[in-house]
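S.K.: need a 3D model of the sequence below.
(one chain, ligands or ions: 2)
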Amino acid sequence: MAESASSATALLKDELDIVIPTIRNLDFLEMWRPFFQPYHLIIVQDGDPSKTIKVPEGFDYELYNRNDINRILGPRANCISFKDSACRCFGYMVSKKKYIFTIDDDCFVASDPSGKPINALGQHIKNLLCPSTPFFFNTLYDPYRDGADFVRGYPFSLREGVPTAVSHGLWLNIPDYDAPTQLVKPLERNTRFVDAVLTIPKGTLFPMCGMNLAFDRDLIGPAMYFGLMGDGQPIGRYDDMWAGWCIKVICDHLGLGVKTGLPYIYHSKASNPFVNLRKEYKGIFWQEDIIPFFQQVVLPKDCTTVQKCYIELAKQVKDKLSKVDPYFDKLADAMVTWIEAWDDLNPAGASAKLPNGKA
Ligand SMILES: O=c1ccn([C@@H]2O[C@H](COP(=O)(O)OP(=O)(O)O[C@H]3O[C@@H](CO)[C@H](O)[C@H]3O)[C@@H](O)[C@H]2O)c(=O)[nH]1
Ligand SMILES: [Mn+2]
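M.R.: Ligands and ions are numbered 1, 2, ... in the order given. The predicted model follows:
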């Protein structure tokens, strides 16, 4: 029987939104009901806005389609992707909560090796409420976990850790492989459950997947822009990757932590590798320039807020990546538009206790 988060016991019930990008009906929520029901959902409906998305009874949600995005953002709506899961970042922008958990609609409840259903949301909350250790690697993994600690030789001056901004979960069954790997290994399934949560060390980038991801919106929200993907764009399936590289250099600069590992979800279906190849191929060779760019990024000391960091990053993208392809010039402008829209919808000091409801 799944351990359920009743309204009374649901951790961060009024401080966390669940953001779901979708082009399908949301029947998958039935299996998540024991864990998700107490929480507010923000559904970002992609594709045809005239299509009706069915949400199972009993969930508290707000739903935005493309007409809503255009109405709310006006001309700035062009920074939100269309016909790509990148549209989910609109949900981050309109949320009024401190925490976000985002999950794909083909991600089901996974079971741990004992067969117990995994409360992925509960584990993300644990990860976010526990410090990270980006400055010195603890070889016994998460030192704050019951039954573990800092090992001998770990500097005591670093044992307080830093605030955790991002919790990156993993996937059983269909792994998040790129199209070439998917084509070479069509039958490969991830059956390996690794019972660990790791802080990604400072100065190390990672490939962030958006299908099972949580973050502290107050600490890093403005940098969680999923870029220009999908319709009318030369690239797709690099939405979460781009956001992951941006948030990691900013977290490193601001002294915030990023964790990966538990929780697992069960990724139920593989998207079409041929369609994926068409979306990804430019990214596969562009990233050989993008990664060295992010590895050399230095943010000035006076970049003391996420917005200032992000605007500075956009400038450097424009200066140094536009020569790779004019797309990056457009992307850099969209990064600035995103921050303008974010600050419009989230004026500094606005109470996080605002009621739910359509922006
Ligand atoms: O045009 C679209 C397509 C899909 N969605 C919604 O987005 C998620 C993910 O869709 P799907 O599971 O079909 O695709 P995956 O390849 O498994 O997605 C993963 O790869 C990355 C693609 O960027 C991403 O990080 C992962 O999500 C579902 O909820 C679809 O309903 C959409 O909104 N628009
Ligand atoms: Mn999927």
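S.K.: where do the helices sit along the chain?
M.R.: 29-36, 66-73, 89-94, 120-129, 179-184, 217-220, 239-254, 273-296, 306-321, 327-345 (DSSP state H).
S.K.: outside of the fifth one itself, list whatever touches it.
M.R.: Spelled out, that is helix 179-184. Helix 179-184 has contacts (Cβ atoms under 8 Å, 6 or more residues apart in numbering) with Arg237, Ala270, Pro273, Phe274, Asn276, Leu277, Lys279, Glu280, Tyr281, Ile284. From N, CA and C alone the C-beta is placed, and that goes for glycine too.
S.K.: show me where the stretch 51-200 of the chain dips below the pLDDT cut-off.
M.R.: Counting by pLDDT under 70, the stretch 51-200 of the chain shows no low-confidence range.
S.K.: in it, what residue is nearest ligand 1?
M.R.: As assessed by Cβ to the nearest ligand atom, ligand 1 sits closest to Ser85 within the stretch 51-200 of the chain, at 3.0 Å.
S.K.: give me the number of residues near that residue?
M.R.: By other Cβ atoms under 10 Å, 26 other residues sit near Ser85.
S.K.: check Lys185 too.
M.R.: Using other Cβ under 10 Å, Lys185 has 12 other residues around it.
S.K.: residues from this protein in reach of ligand 1?
M.R.: Within the chain, the positions adjacent to ligand 1 are 21-24, 46, 83-85, 87, 104-106, 209-211, 237, 239-240, 271 by Cβ under 6 Å from any ligand atom.
S.K.: just checking, Ile235 touches Tyr327?
M.R.: Yes. Counting by Cβ atoms under 8 Å, Ile235 touches Tyr327, with 7.0 Å between them.
S.K.: any idea of the pLDDT on Lys353?
M.R.: pLDDT, Lys353: 53.
S.K.: on that earlier part again, any of the residues of the chain next to ligand 1 buried? List them.
M.R.: Buried by 16 or more other Cβ atoms under 10 Å: 21-22, 46, 83-85, 87, 104-106, 209-211, 237, 239-240, out of the residues of the chain next to ligand 1.
S.K.: what about ligand 2: which of those residues touch it?
M.R.: Asp104, Asp106 (Cβ under 5 Å from the ion).
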